[in-house]
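[1] task: produce atomic coordinates for the following.
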Amino acid sequence: MAGPVRVMVERGRKKPVAVASAFDWPGWDRNGKSEDEALQVLDAYRPRYAKIAELAGLAKEFRAAGKLAVVERLEGVGMTDFYGLSYRSAGPEHAPMSDADCERKIALLRASWTYFDDVASRVSAELRKGPRGGGRDRDKIVRHANGAEIQEFAKKVGINTPHDAWRRPEDLRAHREAYCAAIREYNSRGAWARTWTVQYVIRHSAYHMLDHAWEMEDRDLSDGS
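    Numbers count the residues shown, from 1 in each chain. Here you go, the predicted model:
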């Protein structure tokens with residue numbers, strides 16, 4: 001991954017929103033009101049994502065990554081307009097990965113889980129509210145992030161885990177192992193994960209975990225403020 005960081009930009013169809021996704025680095029997706037703003041926010045999160053790369057054993061590779069380079073622009077979908085989400089696969093994500101590339105991206109997905117679990121273990125149970133007093137507290141975020149993966153994302157590759165498995169560490173570990181094995185198997189067959197590409201399954205799962213991990217960090221009340 002030395003050289004420029006390849007980025008896909010999805011633009012809203014009806015609203016002024018854009019999402020920039022560094023698709024070679026699953027989970028490093030950010031949005032803004034314009035392409036320029038989305039790219040600025042994405043680059044601002046580089047130090048935060050470096051912690052994920054380090055957990056994945058890819059710190060040296062990430063440090064060698066160059067500037068952001070937009071290589072693809074796509075029109076987004078409803079999820080882009082209303083939630084600021086990347087909800088399309090980049091062109092290179094349509095092809096099956098080599099075994100090595102698949103393991104690299106799985107390592108980054110695993111790192112996102114590790115980081116999320118660590119953040120959840122150290123932030124305050126009650127989190128700082130938003131301008132209108134909204135926002136989930138820690139335990140609801142943990143339930144939501146793990147629950148969405150179990151009930152939605154993992155089913156794309158045929159994993160049917162009991163919805164409350166996130167409550168038991170041993171069951172959550174087993175779910176994650178099964179999820180990684182299924183990703184490998186689908187990739188080896190060149191199969192689609194229903195309407196998603198396998199690479200997008202990894203990227204969206206990592207993004208969802210990291211987005212909520214960073215949210216918890218930003219809203220943490222442990223510092224007493």
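
[2] next, count neighbours for K67.
    When neighbours are counted by other CB atoms under 10 Å, K67 registers 10. (Glycine included, C-beta is placed from N, CA and C.)

[3] quick one: mean pLDDT over the helix or strand hosting I52.
    With elements delineated by DSSP states H and E, I52 resides in helix 46-55, which encompasses its position. Mean pLDDT, helix 46-55: 98.

[4] how about stretch 19-37?
    Model confidence over stretch 19-37, given as mean pLDDT, is 98.

[5] chain center to the helix-or-strand element of the chain with minimal mean pLDDT, what's the gap?
    Taking all helices and strands of the chain together, the one with the lowest average confidence (mean pLDDT, DSSP states H and E) is helix 78-83, at a mean of 90. Taking the mean C-alpha point of helix 78-83 and that of its whole chain, the gap between them comes to 16 Å (CA atoms, centre = their mean, to the nearest Å).

[6] mind listing the residues bridging to the closest residue to G76 other than its chain neighbours?
    Excluding its sequence neighbours, the residue lying closest to G76 (CB to CB, 6 or more residues apart in numbering) is E10, at 4.0 Å. With DSSP bridges applied, the residues forming beta bridges to E10 are V19, L74.

[7] what's the least confident helix or strand of the chain in contact with?
    Outside helix 78-83, the residues within contact range by CB atoms under 8 Å, 6 or more residues apart in numbering are 10-15, 17, 19, 85-87.

[8] between those residues, which sits nearest E170?
    Of all these, the one with the least separation from E170 (CB to CB) is L85, at 31.2 Å.

[9] give the burial count for the closest residue to that closest one other than its chain neighbours, as a bare number.
    Counting by CB to CB, 6+ apart, M79 is the residue found nearest to L85 once chain neighbours are left out, at 4.5 Å. When neighbours are defined as other CB under 10 Å, M79 has 14 of them.

[10] same question for K51.
    Neighbour count of K51, defined by other CB under 10 Å: 16.

[11] show me what contacts it?
    K51 makes contact with Y115 under the criterion CB under 8 Å, 6+ apart.

[12] recalculate using a threshold of 10 Å.
    59, 62, 111, 115, 118, 210, 213 (CB atoms under 10 Å, 6 or more residues apart in numbering).

[13] S188 versus that one, what's the distance?
    K51 sits 30 Å away from S188, taking CB to CB, to the nearest Å as the criterion.

[14] any stretches of this protein with poor pLDDT?
    Within the chain, the stretches falling below the threshold (pLDDT under 70) are 1-2, 131-133, 224-225.

[15] which residues in the chain form strands?
    Counting by DSSP state E, the segments of the chain that form strands are 3-11, 18-21, 29-32, 65-75.

[16] buried set for the first one?
    Pointing back at strand 3-11 there. Of the residues in strand 3-11, 5-11 count as buried by neighbour count, 16 or more other CB atoms under 10 Å.
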